[in-house]
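Trainee: Got a predicted structure here, sequence first:
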Amino acid sequence: SMVLKKLVADTNLATAHSITLTSQNGSLVDDNQSDLNVRGSKLIASAYDDINLDTQVDELTATTHEDGTGHITIDEKDSLVIKSAIAGNGNVIVGAGGDITVVAINAADNNATDVTGDPAALREVGNVELTAKGTASGTTGFINDDGVDTTRIVAKALKLDAAGVVGGDSTQAANVRSLDTTVDEYTVTAKGVVNIAEADGVKVKSVVTTGDVTLQSATGSLMIGSIATTTGGTTPTTVTLFATQGAVTDDLAEAADATTELTNITADRLAVKAKTGIGSSDDLDVKLAMLEAETETGNIQFSDQIGDLAINDVTPGLSLSALNGVRASTSGNISLNVEDGSLDQQREVSTTSGDISLTAKNSITVGSVLKTLLGKVDLTAQTGSITTEGDAPISAKGRVASTDPVLAGVDGDITLTAKTAITI
C-alpha cells in the first residue's frame, strides 16, 4: 500500500499536469488527518484495494481492482470533474467543497460473497454517493452531467446531496442536460432543478428540492417513492415523469398504522407520460394544483390529498412532448379522486376502452371532452355540484342506450351524483 503522510503537489499549477499514484497490490490511503494529500490539475489514482484521499484537483480519474475490496473515497476541497471513477468491487464516495461535474462513474459488486467484520457480514458495495457543498468560493454546489448521453453513473444505489441543482446546466441543450444514470434506485436532496435520465427501470426513493423536477426512464418504469418540491414563494413548481416504454408506479411503503396514505408527489403541477399505466395497480397519492397524464395502456389513477385540482395545461420539463389532458389512448380505466376540494376539468379526459371515475369532495366542473368509447362514466360531487361549461360533451359507449335528451347520442352508462345541483 501507499500511505500519504505529506502533500503531493504540482508546483506549476499554471499548466495542466497530471499526478499519477499507483498501488498495484494494496491501497492509496490518507495518513495526515484532514490535511490535503494531493494538489494539482489532474489526479490519476489506481489501487488494488482502497483509494481514500483528500484532494485539491480539477479532474479525477480513479480505479480500484475488481478482485480487490476497495472503495474510492475522495474529499475534494474545491470543485471537481469526475472524468472516470471505477470501483471494481466497492463504492464510490465523493464530496466536494464546490461543484461536481460527472463524466463517468461505475461502482460494481463483483463478488456477492464478500464479507467483512467480526461477525462476518456481507460488504455493502456497488453504491455511489456524491455531495456538492457549494461552500468553496464562486460555487453553488451543483452536481451536473457532462452533456454526453453515452457517459453515465452505473451503480446499485445512488445518493446525491447538492447545495445547488442536479443535472441543471442551462448552457447545455435540453436533451442532454439530465444526469445520466443506470442505477437500481436513487435518493436526491438539492436546491433548484433536478433532471435525471435513467437508462432502464429505477426506484425513485426520494427527491427533495426547491425547483422543477424532470425524471425519465428510457426503457423501463419509474417506481415513485416520494418527490417533494416547493419554492416557498409564488413561483410554481412542475414535476415531469416520462416512462415512455414502461409504467409510473407507486413504490412508497405504507405508513406504520397501515391506514394513512403517504404522499408520492408534492408540487404545484404534474406532467406524466407512460406506456403501460400510471398508478395502474395502486393510485399515486399527490398534493397538486394542476395535472396532465397520458398512457397507451393500463390504468391512470390519482388521489389528490389537499385542495382543488385542475386538469389543464402543464408544460413538461426539458422541452419534452406536450400532453393533452388525462388520456389512456388504447385501453385502461381512469380514476381521479380529489379528497378535499373541487375538480376543474378543462382538458380532455378520455379512454378508448375503460371506465372513467371522477370524484371530488366539493364540486366538479366539466369544461372539455369527457368520454370513453367502451365503458362507463361516473361523476360524484360529494358535497357540491356538477356543472358542464359550454359544449363540453360527456359520452360513454358500449353498454346501454340512454333516452335522456340531454345525453342524446350517448350509448353507455353515465352516472352523475351531486349533493347540491347538476347543471348540464
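Mentor: Thanks, I have the structure now.
Trainee: Every contact and neighbour count from this point should use C-alpha atoms.
Mentor: Will do.
Trainee: Would you mind giving both backbone torsions of residue 129?
Mentor: phi -130, psi 120 (degrees, to the nearest 10).
Trainee: Next one: residue 202 relative to residue 61, how far apart?
Mentor: 27 Å (CA to CA, to the nearest Å).
Trainee: How about residue 170?
Mentor: 26 Å.
Trainee: Compare these two (neighbour count), which wins?
Mentor: residue 61 (18 against 8; other CA atoms under 10 Å).
Trainee: Quick check, the more buried one in contact with residue 82.
Mentor: Yes. Taking CA atoms under 8 Å as the definition, residue 61 is a contact partner of residue 82 at 6.7 Å.
Trainee: In the stretch 201-350 of the chain, where is pLDDT below threshold?
Mentor: Applying pLDDT under 70 to the stretch 201-350 of the chain flags the ranges 258.
Trainee: 90 instead, please
Mentor: Along the stretch 201-350 of the chain, the model assigns pLDDT under 90 to residues 230-235, 253-261.
Trainee: what residues are up against the nearest residue to residue 115 once chain neighbours are set aside?
Mentor: Sequence neighbours aside, residue 122 is the residue nearest to residue 115 in space, at 4.3 Å (criterion: CA to CA, 6 or more residues apart in numbering). Residues in contact with residue 122 (CA atoms under 8 Å, 6 or more residues apart in numbering) are 112-116.
Trainee: and which of those is nearest to residue 221?
Mentor: Nearest to residue 221 among the contacts of residue 122: residue 112, at 26.0 Å, using CA to CA.
Trainee: which SS class is that closest one?
Mentor: coil (DSSP: H, G, I helix; E, B strand; the rest coil).
Trainee: list the buried ones in the helix or strand where residue 241 lies?
Mentor: Element membership for residue 241 (DSSP states H and E) is strand 238-243. For strand 238-243, burial by neighbour count (16 or more other CA atoms under 10 Å) applies to 238-243.
Trainee: Could you dump those into TSV and include distance to residue 304?
Mentor: Supplementary listing: those in TSV, determined by distance: CA to CA, whole Å:
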residue	distance to residue 304
238	15
239	15
240	17
241	17
242	20
243	21
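Trainee: ok, the residue nearest to the spatial centre of the chain to residue 235 distance?
Mentor: The chain has residue 215 as the residue nearest its centroid, 4.1 Å off, counting by CA atoms, centre = their mean. From residue 215 across to residue 235, the span is 20 Å (CA to CA).
Trainee: ok, so what distance separates residue 277 from residue 347?
Mentor: 19 Å.
Trainee: More neighbours: which of these two?
Mentor: Ranked by neighbour count (other CA under 10 Å), residue 277 and residue 347 place residue 277 first, with 27 against 23.
Trainee: Tell me, how many residues neighbour the closest residue in space to the more buried one that isn't next to it in sequence?
Mentor: Leaving aside its chain neighbours, residue 277 sits nearest to residue 298 (4.0 Å; criterion: CA to CA, 6+ apart). Other residues within reach of residue 298, judged by other CA under 10 Å, total 23.
Trainee: Could you number the chain from 181 rather than 1 from now on?
Mentor: Got it, the first residue is 181 from now on, which makes the last one we talked about residue 478.
Trainee: Residue 478: which element?
Mentor: Going by DSSP H and E, residue 478 is not in any helix or strand.
Trainee: Quick one: residues contacting it.
Mentor: Contacts of residue 478 (CA under 8 Å, 6+ apart): 455-458, 460, 508, 511-513.
Trainee: one more time with 6 Å, if that's ok
Mentor: Contact partners of residue 478, counting by CA atoms under 6 Å, 6 or more residues apart in numbering, are 456-457, 460, 512.
Trainee: repeat for residue 453
Mentor: If you count contacts by CA under 6 Å, 6+ apart, then residue 453 has 422, 473-475 around it.
Trainee: Identify the residues contacting residue 384.
Mentor: So, once contact is read as CA under 6 Å, 6+ apart, residue 384 ends up touching 365-366, 403-405.
Trainee: at 7 Å what do you get?
Mentor: 365-367, 402-405 (CA atoms under 7 Å, 6 or more residues apart in numbering).
Trainee: can you check residue 559 too?
Mentor: Neighbours of residue 559 in contact, by CA under 7 Å, 6+ apart: 537-539, 595-597.
Trainee: Would you confirm that it belongs to a strand?
Mentor: Yes. Residue 559: assigned to a strand according to three-state DSSP.
Trainee: for residue 354, phi and psi?
Mentor: Dihedral angles (degrees, to the nearest 10) for residue 354: phi -60, psi -30.
Trainee: Any idea how many residues pack against it?
Mentor: Using other CA under 10 Å, residue 354 is surrounded by 16 other residues.
Trainee: how near is it to residue 489?
Mentor: Distance from residue 354 to residue 489, by CA to CA: 29 Å.
Trainee: Residue 474 now?
Mentor: Residue 474 is 17 Å from residue 489, by CA to CA.
Trainee: re earlier: ok, and the most crowded of the contacts of residue 559?
Mentor: With neighbours defined as other CA under 10 Å, the most crowded of the contacts of residue 559 is residue 539; it has 23 neighbours.
Trainee: right, and it touches residue 561 too?
Mentor: Yes. With contact defined as CA atoms under 7 Å, residue 539 reaches residue 561; the gap is 6.0 Å.
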